[in-house]
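Colleague: For reference, the sequence and a predicted model appear below.
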Amino acid sequence: MFTKRASLSALLFILLGFVVSSFWHSLHNPIQPMYIELFNETEEVIPSIEIEHGGNALQEKIMVLRLKPNESRLLVLNHKPGMGFNIAVNYTNAEKTEICTGKNKDYWYLKETITKFGIYTTLIR
């Protein structure tokens, strides 16, 4: 009887600890971050990629340097889904490809595939 009661108490304390830590985490991180995966499907190194996004009181610009062929990078944005963001890919021959993506899409994880024909967005989740 004592071990059953102790096991039940331990389970209750673990559950209570999980609830309290989740609540504390939500207080200190008011929004869930948005994840963007960049994937270079071209056969050349991309010297730089610029990502710009903003909202009411925030404007942010992220610069990704030297994305090798078949390499991917995961970026975290302080941005709500559906607000959209701009991606500009600068190639070695001074050409540039730009898109505005993510508008009206309530997904927290997007994959941006860079090809020789353009940039393609895949909604992950």
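Modeller: Thanks, I have it.
Colleague: Local confidence estimate at the residue nearest to T42 when sequence neighbours are not counted?
Modeller: Sequence neighbours aside, K116 is the residue nearest to T42 in space, at 5.3 Å (criterion: CB to CB, 6 or more residues apart in numbering). For glycine as for every other residue, the C-beta is placed from the backbone atoms N, C-alpha and C. For K116, the model assigns a pLDDT of 88.
Colleague: measure K116 to R66 for me?
Modeller: Remark: distance between K116 and R66 (CB to CB, to the nearest Å) = 18 Å.
Colleague: for the helix or strand bottoming out on mean pLDDT in the chain, the distance to its chain's centre please.
Modeller: In the chain, no helix or strand scores lower on mean pLDDT, DSSP states H and E than helix 2-28, which sits at a mean of 78. The chain centre lies 30 Å from the centre of helix 2-28; the measure is CA atoms, centre = their mean, to the nearest Å.
Colleague: same question, stretch 53-65
Modeller: 13 Å.
Colleague: name the element the residue most central in space within the chain belongs to?
Modeller: Computing the C-alpha centroid of the chain and ranking residues by CA atoms, centre = their mean puts Y35 first, at 0.9 Å. Per DSSP states H and E, Y35 falls inside strand 34-40.
Colleague: and that strand, how far out from the chain's middle?
Modeller: Its chain's average C-alpha position is 7 Å from that of strand 34-40, according to CA atoms, centre = their mean.
Colleague: And that strand, what does it pack against?
Modeller: Counting contacts by 3 or more CB pairs under 8 Å, 6 or more residues apart in numbering; DSSP states H and E, strand 34-40 is packed against strand 46-54, strand 59-67, strand 72-77, strand 109-115.
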